[in-house]
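# My questions are about this predicted structure, shown below with the sequence.
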Amino acid sequence: MLTALFCVVRRDLLLAFRRRSDVLTTLFFFVIVATLFPLGVGAEPALLRPMAPGILWVGALLASMLALGRLFALDYADGTLEQMLLSSEPLTIIVIAKVIAHWLVSGLPLVLLAPLLAVQFDLPADSIGVLFLSLLIGTPVLSLIGAIGAALTLGVRGGGVLVSLLVLPLYIPVLIFGAGAVSAQASGVGATAHLLLLGGLLAGATALAPWATAAALRISLE
């Protein structure tokens with residue numbers, strides 16, 4: 001099963017690097033959202049610092065949602081997903097591999113880029129470190145939850161809008177705890193509680209989301 005998992009991850013990464021424009025679109029969207037806010041509200045540091053956690057987390061959430069359409073749609077269109085469903089390996093393993101590849105392509109670059117964008121909001125170094133940790137823990141949750149929505153709307157006309165309506169309410173706790181961790185660190189309260197709650201969400205999503213996604217794929221392909 002591990003061999004199958006690594007093969008699917010490697011395949012999806014190769015396909016993603018051949019379509020670099022899709023990956024760059026997600027990154028450019030995140031950069032544009034995070035950059036336009038300081039230009040729109042002004043360059044006053046006292047105003048930007050409290051807004052920074054919410055702006056950066058909302059930008060990362062929307063950018064991650066923008067990449068959900070690539071998770072299963074291309075494999076569904078060319079019949080590869082049906083072959084994966086008929087393979088001897090559990091569909092849950094294939095789902096986990098595709099989610100890992102999706103996060104490495106669309107989530108990890110956002111995590112690495114966020115500290116650089118946080119500098120323009122004049123965030124202190126400790127808050128930037130908490131922002132990095134919260135995104136590192138939270139963005140895999142976004143990919144795992146988003147995979148369920150992407151599987152449920154597979155092959156549906158207007159699925160991009162529908163998947164946003166499905167997963168956005170489930171993203172709200174991740175957004176609250178992720179942005180709250182940075183705000184709590186900046187206010188001196190400490191971000192440990194928020195990061196632990198994010199870790200709990202990650203553990204729960206890791207245990208449950210692949211099974212739900214596999215069941216949704218079977219329903220969509222029937």
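Sure thing, it's come through.

# Next up, the contacts around L195.
Counting by Cβ atoms under 8 Å, 6 or more residues apart in numbering, L195 makes contact with V130, L133, S134, I137, A181. C-beta coordinates here come from the backbone N, C-alpha and C atoms, glycine included.

# how about 10 Å then?
Counting by Cβ atoms under 10 Å, 6 or more residues apart in numbering, L195 makes contact with V130, L133, S134, L136, I137, G138, F177, G178, G180, A181, A184, Q185.

# starting at the chain centroid, how far to stretch 145-162?
Chain-centre distance of stretch 145-162: 15 Å, with Cα atoms, centre = their mean, to the nearest Å.

# Would you mind listing the buried residues in that stretch?
The neighbour-count check on stretch 145-162 (16 or more other Cβ atoms under 10 Å) flags I145, G146, A147, I148, G149, A150, A151, L152, T153, L154, G159 as buried.

# out of those residues, who's nearest P38?
Nearest to P38 out of these is G146 (Cβ to Cβ; 27.9 Å).

# pLDDT value on the residue lying closest to that closest one once chain neighbours are set aside, please?
Spatial nearest neighbour of G146, excluding adjacent residues (Cβ to Cβ, 6 or more residues apart in numbering): L68 at 4.5 Å. The model reports L68 with a pLDDT of 84.

# residues near L68, how many?
Applying the criterion other Cβ atoms under 10 Å, we find 25 residues in the vicinity of L68.
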